[in-house]
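> A structural model of the following input is requested.
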Amino acid sequence: MNQAIVYHWWGHASDADPVCNLRTPIIASIASLRNVSNIPVYVIDVSPDHCPQNWEDYPAKLNFKIHKQKPHLEKWYSEYTGYQNLSRIFDIARFQNQIPEEEIIYADSDIFFFTDPTSFERPTNRFCFNRYNSGYYYYNKTLAQYSNFFLLAM
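The predicted model follows:
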């Protein structure tokens, strides 16, 4: 399998831990995915150091890996509310080179899967990003089209 699903997570002191967070139900999302697919799952945790996240034993139970990193835009935009949302695409681009899979599927933590997402018929030779919803998109990190898109975004 040459595909992986990546989630982008950040917790705040006022939020519940990921295992019981109903506002951003990442554990329920991954559990719904595991019901239909065994695709590799990675969670990029960009939570501040003063807000460590309690994942309990769910990474082992649901077979996913957590990667801790700082948000790419933190240095320049941390005083703005929601800068983590803006940082997401850069954080994923930095992370993608640390995993072997070429096709990256990004899913928000409030997406639930009722069918295997790898079976969707889609063109893998382009960057698929819906202009109305950035909560689910996919791309092949090795293609020139993706590199060109990302260079324009920077």
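
> for the longest helix along the chain, which positions count as buried?
Looking across the chain with DSSP state H, the single longest helix is helix 83-95. Buried residues in helix 83-95, counted by 16 or more other C-beta atoms under 10 Å: 83, 84, 87, 88, 89, 91, 92, 93, 95. Using the backbone N, CA and C atoms, a C-beta is placed for each residue, glycine as well.

> switch those residues over to a markdown table; also include pLDDT and distance to residue 145.
As requested, those are arranged in a markdown table below (pLDDT from 0 to 100; distance: C-beta to C-beta, whole Å):
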| residue | pLDDT | distance to residue 145 |
| --- | --- | --- |
| 83 | 70 | 27 |
| 84 | 75 | 26 |
| 87 | 79 | 23 |
| 88 | 83 | 20 |
| 89 | 82 | 15 |
| 91 | 89 | 21 |
| 92 | 89 | 16 |
| 93 | 87 | 14 |
| 95 | 92 | 20 |
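
> which parts of this structure are helices?
Secondary structure of the chain (DSSP H): helices at 26-34, 58-61, 74-77, 83-95, 144-153.

> pipe those helices into TSV and attach distance to residue 114 per row.
Converted to TSV, the helices of the chain look like this (distance: least, C-beta to C-beta, whole Å):
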stretch	distance to residue 114
helix 26-34	7
helix 58-61	21
helix 74-77	35
helix 83-95	24
helix 144-153	28
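
> nearest to residue 136, of those helices?
When the helices of the chain are compared by C-beta to C-beta, helix 26-34 sits nearest residue 136, at 10.9 Å.

> and the closest one, what other elements does it pack with?
Counting contacts by 3 or more C-beta pairs under 8 Å, 6 or more residues apart in numbering; DSSP states H and E, helix 26-34 is packed against strand 3-9, strand 41-45.

> in it, what's buried?
By 16+ other C-beta under 10 Å, the buried positions in helix 26-34 come out as 26, 27, 29, 30, 33, 34.

> CA atoms only: put it into PDB for me.
Taking C-alpha atoms only, helix 26-34 is exported to PDB below (Å, rounded to 0.1, in the frame of the first residue of the first chain):
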ATOM      1  CA  ILE A  26     -10.200  12.400  16.400                       C
ATOM      2  CA  ILE A  27     -10.400   9.000  18.200                       C
ATOM      3  CA  ALA A  28     -13.900   8.400  16.900                       C
ATOM      4  CA  SER A  29     -12.800   9.400  13.400                       C
ATOM      5  CA  ILE A  30      -9.800   7.000  13.500                       C
ATOM      6  CA  ALA A  31     -12.000   4.300  14.900                       C
ATOM      7  CA  SER A  32     -14.500   4.700  12.100                       C
ATOM      8  CA  LEU A  33     -11.700   4.400   9.600                       C
ATOM      9  CA  ARG A  34     -10.300   1.300  11.300                       C
END
